[in-house]
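Visitor: A structural model of the following input is requested.
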Amino acid sequence: MRRLLRPLAVPATYSRWLHLLIPSAVVSVWLFISPERPWVPFFLAIPVGLIPAMRLAEGVQAQLLLTPRERGRPDAAISIAPAATWADRWRTAAWLEARLLFATAATFATVWLPATTVDLVNASFGTPLSGDWLVRGVEPSWWFALLAPLPILLLLGLVVVLGHLVTAVARWLLGPSPVERMTALEERTEQLLERNRIARELHDSIGHALTVAVVQAGAARTARDPEFTDRALAAIEETGRSALDDLERVLRVLRESGTPVSRRPTLLEADRLLDSARGAGAKIKANVSGPLGLVPDPVSREGYRILQESLTNVLRHAGPVPVRVRLAVVDGWLELEVANPLDGSPKARGGGSGLRGIRERASLLGGKAKTGPYEGEWMVHASLPLDHIR
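Guide: Okay, the predicted model is just below:
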């Protein structure tokens, strides 16, 4: 019994009831103007549903009244956006038709069932029945009072059932379109990638700086040599400055994290990265071929991040050295290559998890990335497919 009564204690049950009754106001006005043509609202719902802004209006109202717990959430089952395609417009028109049908049933039950209860109560006191079909042809009697609660219970049951049905239909017809789902997936992927990269950056940079500081401080304390202490303090200072620079760069990424995916940098802005690396002393020779403007946005954004990480690794581990950059769009693939001289030192080889992040980005897009020494150079080569992302 408690399970059956539980929906009646949920506020969303009654907000859904209100949502069911709202269209009745419009229909009632029309029936007052032209009662001989009750079908007109259903006919007008089709062209009205084809208006792009109508999907936004219906989505806002449905989220507010049908799924209040999901309101404002990025993963809400009901989207709040104008219709972007004709498929979305037709889905909105179908939703308006379904909403009118649900409204007709809900309004009829809301008016007729309480009226039946009143009729039964009056009949229990001997008042003649109004001729309602449920109690037609039955003589008034005191036992009608026992039946009076039944229409109200039926109404409450219909409110719950119709509320669930209209919510399910709204999620189906007003839910995110394939384009919206793709955009949300891109945003989620970008957020996860950035979080992983930030975690790797902090682990590599701050962890290294703290390790060096602890080791140098311990050695200076035990050596009791002023000259060695000065060198240790200088090393701690240099490592700390480098860690602070990396931390500032990571914080800039965090401040960017609220930017929509559609406004994130793409390979069309690769010149900005190259100029920045040149300003840091790197001698960059770039070779760009193919129509970068035709590269799908997800691939172009990830390609930008891979190029950014590759140049950052060069500056961090090899310093201001000659760098070869190649960007090419050929045979349905984006080829990205960054190479710099390998002097054989452990610093030049690099070993942070940024390289793993490059491989993960490529793998998420169905591509592949290779990093490592090749013919006297340290090379990052990524191949990203274009055809299956449109």
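
Visitor: all helices for the stretch 251-390 of the chain, in order.
Guide: 270-279, 297-317, 346-349, 354-364 (DSSP state H, counting those that start in this stretch).

Visitor: pull the helix or strand with minimum mean pLDDT from this structure.
Guide: helix 346-349 (a mean of 42; mean pLDDT, DSSP states H and E).

Visitor: related to what we said a few turns ago, just tell me which of the helices of the stretch 251-390 of the chain ends up closest to residue 85.
Guide: If you check each of the helices of the stretch 251-390 of the chain against residue 85 by CB to CB, helix 297-317 wins as the nearest, at 17.2 Å. Quick note: C-beta positions are derived from backbone N, CA and C, even for glycine.

Visitor: Show me what the closest one is packed up against.
Guide: When contacts are defined as 3 or more CB pairs under 8 Å, 6 or more residues apart in numbering; DSSP states H and E, helix 297-317 sits against helix 178-223, helix 270-279, strand 322-330, strand 333-341, helix 346-349, helix 354-364, strand 377-385.

Visitor: hey, C-alpha coordinates of that helix in CSV?
Guide: Backbone C-alpha positions of helix 297-317 (Å, rounded to 0.1, in the frame of the first residue of the first chain) are rendered in CSV as follows:
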residue,chain,number,x,y,z
ASP,A,297,36.0,20.1,-35.2
PRO,A,298,36.6,17.2,-32.7
VAL,A,299,39.7,16.1,-34.7
SER,A,300,40.9,19.7,-35.1
ARG,A,301,40.6,20.4,-31.4
GLU,A,302,42.4,17.3,-30.4
GLY,A,303,45.1,17.9,-33.0
TYR,A,304,45.6,21.4,-31.5
ARG,A,305,46.1,19.9,-28.1
ILE,A,306,48.5,17.3,-29.4
LEU,A,307,50.6,20.0,-31.1
GLN,A,308,50.5,22.1,-28.0
GLU,A,309,51.7,19.2,-25.8
SER,A,310,54.4,18.3,-28.2
LEU,A,311,55.8,21.8,-28.4
THR,A,312,55.6,22.2,-24.6
ASN,A,313,57.6,19.0,-24.2
VAL,A,314,60.2,20.2,-26.6
LEU,A,315,60.7,23.5,-24.7
ARG,A,316,60.6,21.8,-21.4
HIS,A,317,63.0,18.9,-22.1
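
Visitor: what angle do that helix and strand 322-330 make?
Guide: Counting by axes from the mean of the first three to the mean of the last three CA atoms, to 10 degrees, helix 297-317 points 170 degrees away from the direction of strand 322-330.

Visitor: Please name the nearest non-neighbouring residue to residue 292.
Guide: residue 267 (5.1 Å; CB to CB, 6 or more residues apart in numbering).

Visitor: sorry, that was for residue 373
Guide: residue 342 (5.3 Å).

Visitor: Quickly note the distance from that neighbour to residue 317.
Guide: Per CB to CB, to the nearest Å, residue 342 is found 10 Å from residue 317.

Visitor: again, but for residue 156
Guide: For residue 156, the distance to residue 317 - CB to CB - is 70 Å.

Visitor: quick one: which of these two has more around it?
Guide: residue 317 (19 against 16; other CB atoms under 10 Å).

Visitor: Tell me the pLDDT of that one.
Guide: Looking at residue 317, its pLDDT stands at 76.

Visitor: Same question for the one 4 residues further on.
Guide: Residue 321 is assigned 84 on the pLDDT scale.

Visitor: okay, now it: neighbour count?
Guide: Neighbour tally, residue 321, other CB under 10 Å: 18.

Visitor: now swap in residue 383 and tell me
Guide: So residue 383, with other CB under 10 Å, has 16 neighbours.

Visitor: just residue 14 next, same as before
Guide: Residues near residue 14, counting by other CB under 10 Å: 13.

Visitor: Can you give the contact residues for whichever strand or helix holds it?
Guide: Element membership for residue 14, per DSSP states H and E: helix 11-33. By CB atoms under 8 Å, 6 or more residues apart in numbering, the list of residues contacting helix 11-33 from outside reads 7, 38, 40-41, 61-62, 64-69, 99-100, 102-104, 106-107, 110, 159-160, 162-163, 166-167.

Visitor: Stretch 363-379 now?
Guide: By CB under 8 Å, 6+ apart, the residues outside stretch 363-379 that reach it are 189, 193, 298-299, 302, 306, 314, 318, 324, 333-334, 337-342, 348-350, 355, 358-359, 361-362, 380-385, 388-389.

Visitor: Mark which of those residues are buried, thanks.
Guide: Buried by 16 or more other CB atoms under 10 Å: 189, 193, 298-299, 302, 306, 314, 318, 324, 333-334, 337-340, 342, 348, 350, 355, 358-359, 361-362, 380-385, 389, out of those.

Visitor: Could you point out which residue ranges in the stretch 51-200 of the chain have low pLDDT?
Guide: Residues of the stretch 51-200 of the chain that meet the criterion pLDDT under 70 lie in 74-75, 128-140, 178-184, 193-194, 197-198, 200.

Visitor: 90 instead?
Guide: 52, 55-56, 59, 62-64, 66-89, 104-105, 107-109, 111-153, 172-200 (pLDDT under 90).
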